[in-house]
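Trainee: Build the 3D model from these lines:
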Amino acid sequence: MGFAAAAKPNTHTSSKSNKESRGMGLLLVFFPQDQNKITNSIDNKNTTSRFIRKTTSSLLFNKAQSTISICALLVFLTLLLFTLSTFEPSIQTPTTSSSTIKNSRRFLSQKTQVSSSFHWFFPMWDYKPLHVKQKPNISSSSFALQGMGTLYRRGTKAMNDLIVSHVIEDLTEDELRLFLRVLHRSGVTSKADTVFLFGSSLSSRFSFVIQEENESFLKLIQHYKESNNKGSRDTVFSFDSTQFWKSGKNNVEEPIWGKKGRGNYSNSTEAESESTRLTYGSIVGFDVNELDPENSLAGFLDYVPMSLRRWACYPMLLGRVRRNFKHIMLLDIKSLMLLSDPLGRVRNRSPESVYLLTKESSSGKHSKKNSDKTQSYCQVNSVILMGGTRGIRRLANAMLTEIVRATMQHKKKNSISETGILSQLVGNGYILKNVNLITSTESIQEASSLMVSSSKSAADYSIIQRGNNNHDLNSIIMKLICLCEVDSSVYRDC
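Mentor: From the prediction side, this is the model:
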């Protein structure tokens, strides 16, 4: 039974194939001329199917190979563009040799030639390196700190003091030039680094002025050195180059600003001896949008002036350099100029100390019961504040909080003033209980008083305020500076 059951399917299959063969035979009997066509069509179908399979596989392989080649080319071009855009030559330490200015100009010309050589490679993007887009003679070839700011001049060593000067909106180029020229001649830059805090889009406007005064300062040092004339500070605006020559070891700590070098940092040159070396601080600049990108006070004020927004920038800036500086000065360069080093008032104080210049003022508010009595309070001069790093940081954080509180309490948001808020904060001893406040009634002389007694020593006038007639005053001070023959040969406007 098993054999019979297994044989049935075979019988059925064989009978079916026999029927098909008979059918084909009948077709060949009746149509013998189509035999070759049928055979050829079967062969053609088999050949075509094999060709289609081969063609499809080859097309897929070619497409995959082309895609991989295009991706590899795009990756290579991206890496090349990134390398060219982020290339920074090593920054040499500035020296006082006569070739300092020439080397900087030669370096700028080389950068221009390099940019022109790459221009043919990227004509459709009009590619230019980042440094060529700046004004000529600007050597700020790197960021100042952690990818932010602009490095105008890298100092010869790390300094313990920091001057943070904020630039308000209506400051002119002549006013900034005069401030820098007097600052370089005061000798304070031999002990401190200088940071400029610019309002929005102001840094590009003043970059050329800052660099030009830096070059004039180096030329002035070189002239006095070649003439064996150290100068003196017998008058207010005279220049004493001995303040910038220090004795000590050549291997010193590297400045915090700019690109870090490898190995031991040394600012010694062939022209300098082993016992003395040139010493001056760094000069950098930051935009308020870098330190306060959200414009923290914009939600509380319709218009945020620079005098208030600077307090929103101090926490980030001072927080990043808190371990590098011992003393900090906050300065308004529109109102003041430094003729000597005023930080000597706080160098022997504690890190929590803050030195304030105050004056007695009456509020003018009378009560009904005591109409004959006038409330008096201590008004703080907000154009200059100095002290230990810890104390200045705590004051800046408290001031920012107090500004927000004052704007929320006043119906007219734009009616608040920086001096009023700072005076109220200082008067509240509880908020600044962790700050050692040192108040002084020292008065700041106006610059007009120097015209009468210009022969006095600069020690008597460490800080001066500009006054109202700034234009006439600037021209008078410039003329006094240009009285010296050496100085007149250095400054182009003499």
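Trainee: can we go C-alpha only for contacts and neighbour counts from here?
Mentor: Noted.
Trainee: Would you mind listing where the stretch 351-494 of the chain has pLDDT under the threshold?
Mentor: 360-377, 413-414, 450-460, 468-472 (pLDDT under 70).
Trainee: can you give me the helices for the stretch 51-200 of the chain?
Mentor: If DSSP state H, counting those that start in this stretch is used as the criterion, the helices of the stretch 51-200 of the chain fall at 100-119, 173-186.
Trainee: Show me the shaky parts of the stretch 201-350 of the chain.
Mentor: Low-confidence regions of the stretch 201-350 of the chain, defined here as pLDDT under 70, cover residues 229-235, 248-250, 262-275.
Trainee: run the last query once more with 90
Mentor: Under the criterion of pLDDT under 90, the regions of the stretch 201-350 of the chain flagged as low confidence span 201-205, 222-243, 245-253, 259-277, 299-303, 339-340.
Trainee: And the helices of the stretch 51-200 of the chain, which one averages the lowest pLDDT?
Mentor: Looking over the helices of the stretch 51-200 of the chain, mean pLDDT reaches its minimum on helix 100-119, with a mean of 40.
Trainee: what pairs with residue 197 across the strands?
Mentor: Beta-bridge partners for residue 197, by DSSP bridges, are residue 166, residue 286.
Trainee: For it, list the residues it contacts.
Mentor: 164, 165, 166, 167, 285, 286, 287, 288, 310 (C-alpha atoms under 8 Å, 6 or more residues apart in numbering).
Trainee: Burial check on the first one, number of neighbours?
Mentor: The number of residues packed near residue 164 is 24, by other C-alpha atoms under 10 Å.
Trainee: For it, which residues are in contact?
Mentor: Listed by C-alpha under 8 Å, 6+ apart, the contact set of residue 164 reads 194, 195, 196, 197, 328, 329, 330, 331.
Trainee: Distance check, it against residue 427.
Mentor: Remark: distance between residue 164 and residue 427 (C-alpha to C-alpha, to the nearest Å) = 24 Å.
Trainee: for the second one, same thing?
Mentor: Computed with C-alpha to C-alpha, the distance linking residue 165 and residue 427 is 25 Å.
Trainee: who's more crowded, the two?
Mentor: With neighbours defined as other C-alpha under 10 Å, residue 165 and residue 427 compare such that residue 165 has more, 21 against 15.
Trainee: Hmm, that one is touching residue 330, no?
Mentor: Yes - in this structure residue 165 lies within contact range of residue 330 using C-alpha atoms under 8 Å: 6.0 Å.
Trainee: Which neighbours do the two have in common?
Mentor: Listed as contacting both residue 165 and residue 330 by C-alpha under 8 Å, 6+ apart is no residue at all.
Trainee: sorry, back to before: generate a PyMOL selection restricted to the buried subset of the contacts of residue 197.
Mentor: Remark: buried members of the contacts of residue 197, expressed as a PyMOL selection using 16 or more other C-alpha atoms under 10 Å:
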select buried, resi 164+165+166+167+285+286+287+288+310
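Trainee: Output the contacts of residue 197 as CSV; include the columns distance to residue 258.
Mentor: Below are the contacts of residue 197 laid out as CSV (distance: C-alpha to C-alpha, whole Å):
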residue, distance to residue 258
164, 17
165, 19
166, 20
167, 22
285, 12
286, 13
287, 16
288, 19
310, 23
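Trainee: Specify which member of the contacts of residue 197 is nearest to residue 392.
Mentor: residue 164 (11.3 Å; C-alpha to C-alpha).
Trainee: Enumerate every residue touching the residue lying closest to residue 181 once chain neighbours are set aside.
Mentor: In space, not counting the residues next to it along the chain, residue 181 is nearest to residue 213; the distance is 6.6 Å by C-alpha to C-alpha, 6 or more residues apart in numbering. Under the criterion of C-alpha under 8 Å, 6+ apart, the contact partners of residue 213 comprise 177, 180, 181.
Trainee: can you count the residues close to the last one?
Mentor: Right, the one you point to is residue 181. The burial metric for residue 181, expressed as a neighbour count using other C-alpha under 10 Å, is 21.
Trainee: What of the first one?
Mentor: Per other C-alpha under 10 Å, the neighbour tally for residue 177 reads 17.
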